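Colleague: need a structure here:
(chains A and B)
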Amino acid sequence: MEGPLECTEKTMAWLDGALARQEAGKWADHVERCETCRAFAADYRIISHALSHRQRTGPFKSMLDSYHTELSRLFSVKSAPPRRSWVDRLLLSPAPAMRLGQAAAMLVLGISLGWFLTRQPSREKESVTVVMDQTAAATARPIDDFFHESEIWLLDVMNLPQNGKLADQEWKVTRSYAERLLGQIVIIREMSKADEEKQVQTYLDGFEILLLDMINSQKNDRSEILMQIRQAITELDLLFRADMIRDQIQSDHQHI
Amino acid sequence: MGFHEKRLILRAKAGDYAAFGELVTAYQDKILYLIYDFVRNYEDAKDLAQDVFIKAFERLDQFEGRSRFSTWLHRIAVNQALDFKRRHKKMKVQDLESSLLNRDEFHDRQPFPSAERSLEQQELRIQLEHCLGEVSENQKTAVILKYFHQQSTEEIAELMQCSEATVRTHLFRAIQHLRKSLILNELDR
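Modeller: I've put the predicted structure just below:
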(Lines give C-alpha, C1' and ligand atoms only; values in the text may rest on other atoms or scores of the structure.)
Protein backbone atom coordinates (compact mmCIF):
# COMPACT_ATOMS: atom_id res chain seq x y z
CA MET A 1 0.00 0.00 0.00
CA GLU A 2 1.32 3.42 -0.91
CA GLY A 3 2.02 6.15 1.64
CA PRO A 4 0.19 9.49 1.48
CA LEU A 5 2.96 11.14 -0.59
CA GLU A 6 3.08 8.41 -3.20
CA CYS A 7 -0.70 8.37 -3.19
CA THR A 8 -1.09 12.03 -4.14
CA GLU A 9 1.77 11.88 -6.64
CA LYS A 10 0.11 8.92 -8.30
CA THR A 11 -3.22 10.71 -8.34
CA MET A 12 -1.57 13.58 -10.19
CA ALA A 13 -0.09 11.17 -12.72
CA TRP A 14 -3.48 9.50 -13.10
CA LEU A 15 -5.26 12.80 -13.76
CA ASP A 16 -2.52 13.86 -16.19
CA GLY A 17 -3.07 10.66 -18.13
CA ALA A 18 0.45 9.47 -17.40
CA LEU A 19 -0.50 6.05 -16.02
CA ALA A 20 -0.73 2.92 -18.14
CA ARG A 21 -4.27 1.82 -18.96
CA GLN A 22 -4.45 -1.04 -16.52
CA GLU A 23 -2.84 0.93 -13.72
CA ALA A 24 -5.10 3.89 -14.43
CA GLY A 25 -8.15 1.66 -14.03
CA LYS A 26 -6.90 0.36 -10.69
CA TRP A 27 -6.11 3.87 -9.50
CA ALA A 28 -9.55 5.15 -10.50
CA ASP A 29 -11.05 2.46 -8.24
CA HIS A 30 -8.71 3.47 -5.43
CA VAL A 31 -9.59 7.18 -5.71
CA GLU A 32 -13.26 6.31 -5.57
CA ARG A 33 -12.73 4.49 -2.27
CA CYS A 34 -10.12 6.76 -0.63
CA GLU A 35 -11.48 10.02 0.73
CA THR A 36 -8.07 11.76 0.97
CA CYS A 37 -7.22 10.97 -2.63
CA ARG A 38 -10.67 11.99 -3.78
CA ALA A 39 -10.32 15.37 -2.09
CA PHE A 40 -6.86 15.85 -3.54
CA ALA A 41 -8.06 14.84 -7.02
CA ALA A 42 -10.87 17.39 -6.87
CA ASP A 43 -8.48 20.17 -5.84
CA TYR A 44 -5.85 19.14 -8.37
CA ARG A 45 -8.42 19.23 -11.17
CA ILE A 46 -9.27 22.83 -10.26
CA ILE A 47 -5.65 23.94 -9.88
CA SER A 48 -4.32 22.29 -13.03
CA HIS A 49 -7.29 23.55 -15.06
CA ALA A 50 -6.80 27.10 -13.79
CA LEU A 51 -3.06 26.96 -14.54
CA SER A 52 -3.43 25.40 -17.96
CA HIS A 53 -6.29 27.60 -19.12
CA ARG A 54 -5.22 30.92 -17.74
CA GLN A 55 -5.84 33.88 -19.99
CA ARG A 56 -2.58 35.33 -21.14
CA THR A 57 -2.30 39.04 -20.55
CA GLY A 58 -0.55 41.09 -23.17
CA PRO A 59 1.65 41.95 -24.79
CA PHE A 60 0.35 45.03 -26.58
CA LYS A 61 -0.01 44.38 -30.28
CA SER A 62 2.34 47.23 -31.18
CA MET A 63 5.05 45.73 -28.96
CA LEU A 64 4.57 42.30 -30.49
CA ASP A 65 4.79 43.79 -34.00
CA SER A 66 8.02 45.64 -33.24
CA TYR A 67 9.46 42.47 -31.68
CA HIS A 68 8.64 40.46 -34.82
CA THR A 69 10.09 43.16 -37.07
CA GLU A 70 13.32 43.40 -35.09
CA LEU A 71 13.78 39.64 -35.13
CA SER A 72 13.10 39.30 -38.83
CA ARG A 73 15.53 42.15 -39.49
CA LEU A 74 18.17 40.34 -37.45
CA PHE A 75 17.92 37.06 -39.30
CA SER A 76 16.95 37.78 -42.88
CA VAL A 77 19.57 40.31 -43.91
CA LYS A 78 21.91 37.84 -45.53
CA SER A 79 20.92 34.77 -47.41
CA ALA A 80 23.04 31.76 -48.15
CA PRO A 81 25.21 31.76 -51.26
CA PRO A 82 23.55 29.83 -54.08
CA ARG A 83 24.50 26.16 -54.01
CA ARG A 84 26.47 24.87 -56.96
CA SER A 85 25.00 21.94 -58.76
CA TRP A 86 26.87 18.66 -58.45
CA VAL A 87 27.88 18.90 -62.12
CA ASP A 88 29.48 22.28 -61.42
CA ARG A 89 31.28 20.81 -58.44
CA LEU A 90 32.62 17.97 -60.50
CA LEU A 91 33.74 20.20 -63.35
CA LEU A 92 36.53 21.86 -61.52
CA SER A 93 38.02 24.04 -64.24
CA PRO A 94 36.33 27.37 -64.99
CA ALA A 95 37.71 27.45 -68.59
CA PRO A 96 34.96 26.49 -71.07
CA ALA A 97 37.24 24.28 -73.21
CA MET A 98 38.49 22.36 -70.18
CA ARG A 99 34.95 22.02 -68.86
CA LEU A 100 33.89 20.59 -72.19
CA GLY A 101 36.75 18.08 -72.05
CA GLN A 102 35.86 17.08 -68.51
CA ALA A 103 32.18 16.75 -69.44
CA ALA A 104 33.13 14.51 -72.42
CA ALA A 105 35.28 12.34 -70.18
CA MET A 106 32.43 12.00 -67.71
CA LEU A 107 30.02 11.16 -70.50
CA VAL A 108 32.31 8.36 -71.72
CA LEU A 109 32.61 7.09 -68.16
CA GLY A 110 28.83 7.25 -67.73
CA ILE A 111 28.17 5.40 -70.98
CA SER A 112 30.70 2.71 -70.07
CA LEU A 113 29.10 2.27 -66.67
CA GLY A 114 25.62 2.25 -68.21
CA TRP A 115 26.74 -0.36 -70.73
CA PHE A 116 28.28 -2.45 -68.00
CA LEU A 117 25.15 -2.34 -65.90
CA THR A 118 22.63 -2.89 -68.71
CA ARG A 119 24.48 -5.93 -70.11
CA GLN A 120 23.64 -7.67 -66.83
CA PRO A 121 19.86 -7.09 -66.74
CA SER A 122 19.14 -10.09 -64.54
CA ARG A 123 21.55 -8.96 -61.87
CA GLU A 124 19.81 -9.44 -58.54
CA LYS A 125 20.33 -7.58 -55.33
CA GLU A 126 22.21 -10.58 -53.94
CA SER A 127 24.95 -10.06 -56.50
CA VAL A 128 25.29 -6.45 -55.38
CA THR A 129 25.72 -7.76 -51.86
CA VAL A 130 28.40 -10.16 -53.02
CA VAL A 131 30.27 -7.31 -54.70
CA MET A 132 29.92 -5.32 -51.53
CA ASP A 133 31.17 -8.17 -49.35
CA GLN A 134 34.31 -8.38 -51.43
CA THR A 135 34.78 -4.63 -51.24
CA ALA A 136 34.21 -4.71 -47.51
CA ALA A 137 36.95 -7.27 -47.16
CA ALA A 138 39.32 -5.14 -49.20
CA THR A 139 38.62 -1.90 -47.37
CA ALA A 140 38.54 -1.30 -43.67
CA ARG A 141 36.49 1.89 -43.64
CA PRO A 142 32.71 1.45 -43.38
CA ILE A 143 32.17 4.82 -45.01
CA ASP A 144 33.79 3.56 -48.24
CA ASP A 145 31.61 0.45 -48.28
CA PHE A 146 28.51 2.44 -47.65
CA PHE A 147 29.10 4.86 -50.46
CA HIS A 148 30.28 2.21 -52.87
CA GLU A 149 27.04 0.34 -52.36
CA SER A 150 24.95 3.50 -52.50
CA GLU A 151 26.66 4.50 -55.71
CA ILE A 152 25.91 1.21 -57.41
CA TRP A 153 22.30 1.43 -56.34
CA LEU A 154 21.95 5.01 -57.51
CA LEU A 155 23.49 4.19 -60.88
CA ASP A 156 20.97 1.36 -61.14
CA VAL A 157 18.18 3.80 -60.44
CA MET A 158 19.44 6.16 -63.10
CA ASN A 159 19.70 3.35 -65.61
CA LEU A 160 16.30 1.85 -64.98
CA PRO A 161 14.47 2.02 -68.29
CA GLN A 162 11.57 4.41 -68.46
CA ASN A 163 8.78 1.89 -68.90
CA GLY A 164 5.95 4.29 -69.44
CA LYS A 165 4.34 3.59 -66.08
CA LEU A 166 5.95 6.63 -64.58
CA ALA A 167 5.02 10.08 -65.83
CA ASP A 168 7.92 11.98 -67.41
CA GLN A 169 7.94 14.58 -64.67
CA GLU A 170 8.06 11.97 -61.89
CA TRP A 171 10.84 10.13 -63.62
CA LYS A 172 12.82 13.36 -63.94
CA VAL A 173 12.36 14.05 -60.23
CA THR A 174 13.61 10.58 -59.28
CA ARG A 175 16.59 10.81 -61.59
CA SER A 176 17.44 14.27 -60.34
CA TYR A 177 17.47 12.96 -56.75
CA ALA A 178 19.75 10.12 -57.78
CA GLU A 179 22.06 12.60 -59.53
CA ARG A 180 22.19 14.85 -56.50
CA LEU A 181 22.90 11.92 -54.20
CA LEU A 182 25.74 10.81 -56.44
CA GLY A 183 27.14 14.34 -56.33
CA GLN A 184 26.88 14.28 -52.56
CA ILE A 185 28.88 11.03 -52.45
CA VAL A 186 31.68 12.55 -54.55
CA ILE A 187 31.94 15.48 -52.13
CA ILE A 188 31.84 13.28 -49.03
CA ARG A 189 34.59 11.06 -50.44
CA GLU A 190 36.78 14.09 -51.06
CA MET A 191 36.22 15.40 -47.55
CA SER A 192 36.65 12.01 -46.01
CA LYS A 193 40.06 11.72 -47.72
CA ALA A 194 41.00 15.13 -46.38
CA ASP A 195 39.90 14.01 -42.89
CA GLU A 196 37.42 16.84 -42.53
CA GLU A 197 35.15 15.00 -40.08
CA LYS A 198 32.84 17.85 -39.38
CA GLN A 199 32.19 18.57 -43.04
CA VAL A 200 31.68 14.86 -43.68
CA GLN A 201 29.05 14.80 -40.97
CA THR A 202 27.24 17.81 -42.40
CA TYR A 203 27.19 16.32 -45.88
CA LEU A 204 26.15 12.95 -44.49
CA ASP A 205 23.18 14.73 -42.93
CA GLY A 206 22.45 16.25 -46.32
CA PHE A 207 22.70 12.81 -47.93
CA GLU A 208 20.23 11.41 -45.43
CA ILE A 209 17.76 14.25 -46.01
CA LEU A 210 17.97 13.85 -49.75
CA LEU A 211 17.25 10.14 -49.41
CA LEU A 212 14.25 10.88 -47.24
CA ASP A 213 13.07 13.51 -49.71
CA MET A 214 13.44 10.97 -52.46
CA ILE A 215 11.26 8.49 -50.58
CA ASN A 216 8.67 11.12 -49.79
CA SER A 217 8.73 13.01 -53.08
CA GLN A 218 5.98 10.97 -54.67
CA LYS A 219 4.50 9.34 -51.63
CA ASN A 220 1.14 8.63 -53.22
CA ASP A 221 2.62 7.12 -56.30
CA ARG A 222 2.42 3.34 -56.08
CA SER A 223 4.08 2.70 -59.43
CA GLU A 224 6.41 -0.23 -59.69
CA ILE A 225 9.63 1.69 -60.15
CA LEU A 226 9.10 3.93 -57.15
CA MET A 227 8.07 0.94 -55.05
CA GLN A 228 11.31 -0.76 -56.09
CA ILE A 229 13.32 2.31 -55.12
CA ARG A 230 11.69 2.52 -51.69
CA GLN A 231 12.19 -1.20 -51.18
CA ALA A 232 15.86 -0.88 -52.12
CA ILE A 233 16.35 1.92 -49.61
CA THR A 234 14.81 -0.32 -46.96
CA GLU A 235 16.69 -3.46 -47.98
CA LEU A 236 20.06 -1.80 -48.15
CA ASP A 237 19.34 -0.07 -44.84
CA LEU A 238 20.90 3.10 -46.21
CA LEU A 239 19.37 5.40 -43.62
CA PHE A 240 20.31 3.21 -40.69
CA ARG A 241 23.84 2.79 -41.98
CA ALA A 242 24.20 6.53 -42.54
CA ASP A 243 23.37 6.95 -38.86
CA MET A 244 25.87 4.28 -37.82
CA ILE A 245 28.64 5.88 -39.83
CA ARG A 246 27.91 9.26 -38.34
CA ASP A 247 28.14 7.79 -34.85
CA GLN A 248 31.39 6.05 -35.79
CA ILE A 249 32.90 9.30 -37.08
CA GLN A 250 31.76 11.11 -33.95
CA SER A 251 33.27 8.53 -31.59
CA ASP A 252 36.51 8.44 -33.62
CA HIS A 253 36.66 12.21 -33.43
CA GLN A 254 36.07 12.20 -29.65
CA HIS A 255 38.68 9.50 -29.22
CA ILE A 256 41.26 11.60 -31.09
CA MET B 1 11.70 17.06 -35.47
CA GLY B 2 10.22 17.29 -38.95
CA PHE B 3 12.29 16.99 -42.12
CA HIS B 4 11.61 20.61 -42.97
CA GLU B 5 12.89 21.77 -39.60
CA LYS B 6 15.94 19.50 -39.85
CA ARG B 7 16.71 21.00 -43.22
CA LEU B 8 16.37 24.54 -41.92
CA ILE B 9 18.75 23.72 -39.09
CA LEU B 10 21.33 22.31 -41.49
CA ARG B 11 21.09 25.37 -43.70
CA ALA B 12 21.32 27.65 -40.68
CA LYS B 13 24.38 25.72 -39.49
CA ALA B 14 25.98 26.50 -42.83
CA GLY B 15 25.44 30.20 -42.08
CA ASP B 16 22.12 30.75 -43.82
CA TYR B 17 20.44 33.63 -41.95
CA ALA B 18 17.20 33.27 -43.88
CA ALA B 19 16.83 29.62 -42.85
CA PHE B 20 17.37 30.57 -39.23
CA GLY B 21 14.87 33.39 -39.78
CA GLU B 22 12.24 30.76 -40.60
CA LEU B 23 13.01 28.94 -37.37
CA VAL B 24 12.77 32.23 -35.48
CA THR B 25 9.35 32.94 -37.00
CA ALA B 26 8.16 29.51 -35.91
CA TYR B 27 9.25 29.93 -32.29
CA GLN B 28 9.32 33.67 -31.62
CA ASP B 29 5.99 33.90 -29.80
CA LYS B 30 6.44 30.71 -27.78
CA ILE B 31 9.84 31.92 -26.56
CA LEU B 32 8.56 35.41 -25.74
CA TYR B 33 5.66 34.04 -23.68
CA LEU B 34 7.86 31.50 -21.94
CA ILE B 35 10.34 34.16 -20.85
CA TYR B 36 7.52 36.46 -19.83
CA ASP B 37 6.20 33.79 -17.48
CA PHE B 38 9.49 34.00 -15.62
CA VAL B 39 10.27 37.71 -15.70
CA ARG B 40 6.69 39.13 -15.74
CA ASN B 41 7.59 42.14 -17.83
CA TYR B 42 7.11 42.23 -21.58
CA GLU B 43 9.83 44.76 -22.38
CA ASP B 44 12.42 42.63 -20.57
CA ALA B 45 10.97 39.48 -22.09
CA LYS B 46 11.30 40.99 -25.57
CA ASP B 47 14.99 41.85 -25.07
CA LEU B 48 15.73 38.48 -23.54
CA ALA B 49 13.94 36.63 -26.34
CA GLN B 50 16.09 38.44 -28.90
CA ASP B 51 19.18 37.44 -26.94
CA VAL B 52 17.94 33.84 -26.92
CA PHE B 53 17.75 33.72 -30.70
CA ILE B 54 21.13 35.38 -31.13
CA LYS B 55 22.65 32.93 -28.67
CA ALA B 56 20.94 30.00 -30.39
CA PHE B 57 22.32 31.09 -33.76
CA GLU B 58 25.82 31.44 -32.34
CA ARG B 59 25.64 28.03 -30.64
CA LEU B 60 23.88 26.19 -33.43
CA ASP B 61 27.03 24.17 -34.04
CA GLN B 62 26.62 22.68 -30.58
CA PHE B 63 23.11 21.44 -31.39
CA GLU B 64 23.64 17.79 -32.29
CA GLY B 65 20.04 16.79 -32.76
CA ARG B 66 19.98 14.53 -29.70
CA SER B 67 17.01 16.45 -28.32
CA ARG B 68 14.30 18.25 -30.23
CA PHE B 69 15.22 21.69 -31.50
CA SER B 70 12.32 23.22 -29.55
CA THR B 71 13.58 21.65 -26.30
CA TRP B 72 17.08 22.95 -26.96
CA LEU B 73 15.72 26.44 -27.65
CA HIS B 74 13.47 26.34 -24.58
CA ARG B 75 16.48 25.39 -22.45
CA ILE B 76 18.40 28.44 -23.65
CA ALA B 77 15.34 30.59 -22.95
CA VAL B 78 14.80 29.23 -19.44
CA ASN B 79 18.49 29.67 -18.56
CA GLN B 80 18.44 33.20 -19.95
CA ALA B 81 15.32 34.06 -17.94
CA LEU B 82 16.66 32.55 -14.72
CA ASP B 83 20.00 34.37 -15.16
CA PHE B 84 18.13 37.61 -15.64
CA LYS B 85 16.09 36.99 -12.50
CA ARG B 86 19.18 36.30 -10.47
CA ARG B 87 20.72 39.56 -11.69
CA HIS B 88 17.56 41.60 -11.07
CA LYS B 89 16.17 40.27 -7.84
CA LYS B 90 14.06 43.30 -7.24
CA MET B 91 12.23 43.25 -10.48
CA LYS B 92 9.45 45.55 -11.42
CA VAL B 93 6.44 43.29 -11.52
CA GLN B 94 3.58 44.24 -13.74
CA ASP B 95 0.31 44.77 -11.97
CA LEU B 96 -1.56 41.63 -12.90
CA GLU B 97 -4.96 42.75 -11.82
CA SER B 98 -4.91 46.02 -13.71
CA SER B 99 -3.58 44.31 -16.81
CA LEU B 100 -6.44 41.84 -16.63
CA LEU B 101 -8.99 44.65 -16.37
CA ASN B 102 -7.50 46.38 -19.41
CA ARG B 103 -7.46 43.25 -21.46
CA ASP B 104 -9.29 44.83 -24.45
CA GLU B 105 -6.03 46.29 -25.57
CA PHE B 106 -4.21 43.01 -25.46
CA HIS B 107 -3.21 40.91 -28.34
CA ASP B 108 -4.79 37.56 -27.68
CA ARG B 109 -8.14 37.37 -26.03
CA GLN B 110 -10.50 34.51 -25.40
CA PRO B 111 -14.11 35.06 -24.49
CA PHE B 112 -15.15 33.78 -21.11
CA PRO B 113 -18.36 31.74 -20.86
CA SER B 114 -20.07 33.80 -18.18
CA ALA B 115 -19.17 36.99 -16.38
CA GLU B 116 -19.57 35.55 -12.88
CA ARG B 117 -17.65 32.42 -13.63
CA SER B 118 -14.94 34.40 -15.40
CA LEU B 119 -14.50 36.58 -12.35
CA GLU B 120 -14.08 33.52 -10.14
CA GLN B 121 -11.62 32.03 -12.56
CA GLN B 122 -9.68 35.28 -12.73
CA GLU B 123 -9.50 35.50 -8.96
CA LEU B 124 -8.31 31.93 -8.74
CA ARG B 125 -5.64 32.49 -11.36
CA ILE B 126 -4.43 35.66 -9.66
CA GLN B 127 -4.23 33.78 -6.38
CA LEU B 128 -2.38 30.91 -7.99
CA GLU B 129 0.11 33.18 -9.73
CA HIS B 130 0.67 34.98 -6.44
CA CYS B 131 1.25 31.67 -4.60
CA LEU B 132 3.55 30.54 -7.37
CA GLY B 133 5.90 33.34 -6.34
CA GLU B 134 6.36 31.54 -3.01
CA VAL B 135 7.58 28.19 -4.30
CA SER B 136 11.20 27.35 -5.11
CA GLU B 137 12.72 28.32 -8.47
CA ASN B 138 12.86 24.71 -9.62
CA GLN B 139 9.27 24.03 -8.66
CA LYS B 140 8.15 27.18 -10.41
CA THR B 141 10.10 26.31 -13.56
CA ALA B 142 8.48 22.87 -13.66
CA VAL B 143 4.99 24.34 -13.17
CA ILE B 144 5.49 27.02 -15.85
CA LEU B 145 6.75 24.48 -18.36
CA LYS B 146 4.09 21.89 -17.63
CA TYR B 147 0.93 23.91 -17.17
CA PHE B 148 1.62 27.15 -19.02
CA HIS B 149 3.57 25.66 -21.93
CA GLN B 150 2.25 22.12 -22.05
CA GLN B 151 5.66 20.42 -22.02
CA SER B 152 5.77 16.73 -21.13
CA THR B 153 7.58 15.50 -18.01
CA GLU B 154 10.22 13.99 -20.29
CA GLU B 155 10.82 17.31 -22.04
CA ILE B 156 10.96 19.19 -18.75
CA ALA B 157 13.49 16.71 -17.41
CA GLU B 158 15.66 17.21 -20.47
CA LEU B 159 15.28 20.95 -20.20
CA MET B 160 16.05 21.12 -16.48
CA GLN B 161 18.72 18.46 -16.85
CA CYS B 162 17.35 16.23 -14.13
CA SER B 163 15.43 12.96 -13.96
CA GLU B 164 11.72 12.65 -14.67
CA ALA B 165 11.20 11.54 -11.07
CA THR B 166 12.75 14.80 -9.87
CA VAL B 167 10.44 16.78 -12.15
CA ARG B 168 7.43 14.92 -10.78
CA THR B 169 8.58 15.72 -7.23
CA HIS B 170 8.98 19.43 -8.08
CA LEU B 171 5.52 19.48 -9.58
CA PHE B 172 3.98 17.58 -6.74
CA ARG B 173 5.51 19.86 -4.11
CA ALA B 174 4.46 22.98 -5.99
CA ILE B 175 0.90 21.71 -6.33
CA GLN B 176 0.81 20.78 -2.63
CA HIS B 177 1.94 24.32 -1.77
CA LEU B 178 -0.63 25.92 -4.08
CA ARG B 179 -3.37 23.72 -2.67
CA LYS B 180 -2.42 24.54 0.90
CA SER B 181 -2.31 28.27 0.16
CA LEU B 182 -5.69 28.18 -1.54
CA ILE B 183 -7.26 26.32 1.38
CA LEU B 184 -5.77 28.83 3.85
CA ASN B 185 -7.05 31.73 1.75
CA GLU B 186 -10.48 30.18 1.71
CA LEU B 187 -10.45 29.83 5.52
CA ASP B 188 -9.37 33.48 5.93
CA ARG B 189 -12.44 34.75 4.11
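Colleague: residue B:19 reaches residue B:6, doesn't it?
Modeller: No: using Cβ atoms under 8 Å, residue B:19 is not in contact with residue B:6; the gap is 11.1 Å. For every residue, glycine as well, the C-beta is placed using N, CA and C.
Colleague: who has more neighbours, the two?
Modeller: residue B:19 (21 against 16; other Cβ atoms under 10 Å in any protein chain shown).
Colleague: show me the contacts for the more buried one.
Modeller: Going by Cβ atoms under 8 Å, 6 or more residues apart in numbering or on different chains, residue B:19 touches A:80, B:7-9, B:11-12.
Colleague: hmm, try it at 6 Å
Modeller: B:8, B:11-12 (Cβ atoms under 6 Å, 6 or more residues apart in numbering or on different chains).
Colleague: just checking, which helix or strand of chain B averages the lowest pLDDT?
Modeller: The helix or strand of chain B with the lowest confidence, counting by mean pLDDT, DSSP states H and E, is helix B:96-101 at a mean of 39.
Colleague: what residue is smack in the middle of chain B?
Modeller: residue B:34 (2.6 Å; Cα atoms, centre = their mean).
Colleague: tell me which element that residue falls in.
Modeller: Element membership of residue B:34, judged by DSSP states H and E, is helix B:17-39.
Colleague: and that helix, what's buried?
Modeller: For helix B:17-39, the neighbour count (16 or more other Cβ atoms under 10 Å in any protein chain shown) marks B:17-24, B:27-29, B:31-39 as buried.
Colleague: rewinding a little: gap between the following helix or strand past the least confident helix or strand of chain B and the chain center?
Modeller: Next along the chain after helix B:96-101, taking DSSP H and E as the criterion, comes helix B:115-132. In terms of Cα atoms, centre = their mean, to the nearest Å, the centre of helix B:115-132 is found 19 Å from the chain centre.
Colleague: which helix runs longest in chain B?
Modeller: Ordering each helix of chain B by length in residues (DSSP state H) puts helix B:164-188 first.
Colleague: could you give the angle of it to helix B:115-132?
Modeller: Here helix B:164-188 runs at an angle of 120 degrees relative to helix B:115-132 (axes from the mean of the first three to the mean of the last three Cα atoms, to 10 degrees).
Colleague: show me how far helix B:164-188 is from its chain's centre.
Modeller: 19 Å.
Colleague: list of residues touching that helix?
Modeller: Residues contacting helix B:164-188 (Cβ under 6 Å, 6+ apart): A:9, A:43, A:47, B:128, B:131, B:135, B:138-139, B:142-143, B:153, B:156-157.
Colleague: over to stretch A:30-45?
Modeller: A:7-8, A:11-12, A:15, B:179.
Colleague: where does pLDDT dip in the chain?
Modeller: I went with chain A, as the question did not name one. A:1-5, A:55-58, A:76-173, A:189, A:191-256 (pLDDT under 70).
Colleague: look at chain B instead
Modeller: Applying pLDDT under 70 to chain B flags residues B:1-3, B:89-119, B:186-189.
Colleague: before we move on, back to that, of the contacts of residue B:19 - the most surrounded one?
Modeller: Neighbour counts for the contacts of residue B:19 (other Cβ under 10 Å) peak at residue B:12, which has 23 neighbours.
Colleague: separation between that one and residue B:27?
Modeller: When Cβ to Cβ, to the nearest Å is the yardstick, residue B:12 and residue B:27 sit 12 Å from each other.
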